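K.L.:
for reference, the sequence and a predicted model appear below.
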Amino acid sequence: MVIRPSTKLLTIPYATAVVIAVGILVLHESASVKWQPYVYWLLVLPCVIALRTVGVNIQRRFTTLVVESPRLRYETGVLSRSTRNLELRKVQDVRSDQTLFQRILGIGDLSIETAGETSRLTIPNIDHPQRVAETILEAAHKLFEDDKKSGDARRSTEV
């Protein structure tokens with residue numbers, strides 16, 4: 001299972017850039033002759049908004065959480081990559097948090113707490129965070145049960 005941050009929140013800045021650009025072009029058509037040279041400089045604002053949003057979109061596309069038994073792998077970074085591997089056996093708690101706005105959009109933040117020094121991993125704005133949390137907990141529980149069964153089998157053969 002591969003989880004990525006949602007891009008639903010990026011529609012707002014894209015739409016804002018388009019509305020500002022259209023507004024500037026309408027202003028250009030209706031402006032007096034003395035304002036027309038300056039109107040084109042105003043188009044820099046929607047271009048900056050759109051370029052920044054494209055950058056955030058690319059960054060989100062290169063952020064993944066891969067759930068593969070017996071590990072979780074969190075990778076982030078576009079040009080340089082950072083990878084964090086977590087053992088599912090060490091997962092102690094998986095939590096999903098949603099603000100009202102996130103609940104409306106069906107996204108939320110996922111926090112995974114593990115035993116160890118760097119114990120918390122938070123992934124913001126993922127789709128269906130509660131479903132993902134349940135999937136991770138089920139995978140961790142299945143590993144625990146498998147370990148328990150194999151431990152019981154080893155003990156019974158030793159006796």
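P.N.:
That came through, no problem.
K.L.:
if I look at Tyr74, how far off is Ser82?
P.N.:
Tyr74 sits 8 Å away from Ser82 when distances are taken as Cβ to Cβ, to the nearest Å. For the C-beta atoms, the positions are set from N, CA and C on the backbone; glycine is no exception.
K.L.:
the more surrounded of the two?
P.N.:
Tyr74 (17 against 9; other Cβ atoms under 10 Å).
K.L.:
contacts only, for that one.
P.N.:
Listed by Cβ atoms under 8 Å, 6 or more residues apart in numbering, the contact set of Tyr74 reads Thr64, Leu65, Val66, Thr83, Arg84, Asn85, Leu86, Leu121, Ile123.
K.L.:
7 Å instead?
P.N.:
Shown in contact with Tyr74 (Cβ atoms under 7 Å, 6 or more residues apart in numbering): Leu65, Arg84, Leu121.
K.L.:
same check, this time on Leu45
P.N.:
Counting by Cβ under 7 Å, 6+ apart, Leu45 has contacts Ile20.
K.L.:
by contact count, what packs against the helix or strand bottoming out on mean pLDDT in the chain?
P.N.:
Scoring the helices and strands of the chain by mean pLDDT, DSSP states H and E places helix 36-42 at the bottom, with a mean of 75. Helices and strands touching helix 36-42, by 3 or more Cβ pairs under 7 Å, 6 or more residues apart in numbering; DSSP states H and E, are helix 11-30.
K.L.:
now the top helix by length along the chain: buried residues?
P.N.:
Across the chain, the longest stretch assigned as helix under DSSP state H is helix 129-158. Across helix 129-158, burial judged by 16 or more other Cβ atoms under 10 Å covers Pro129, Val132, Ala133, Ile136, Ala139, Ala140, Leu143.
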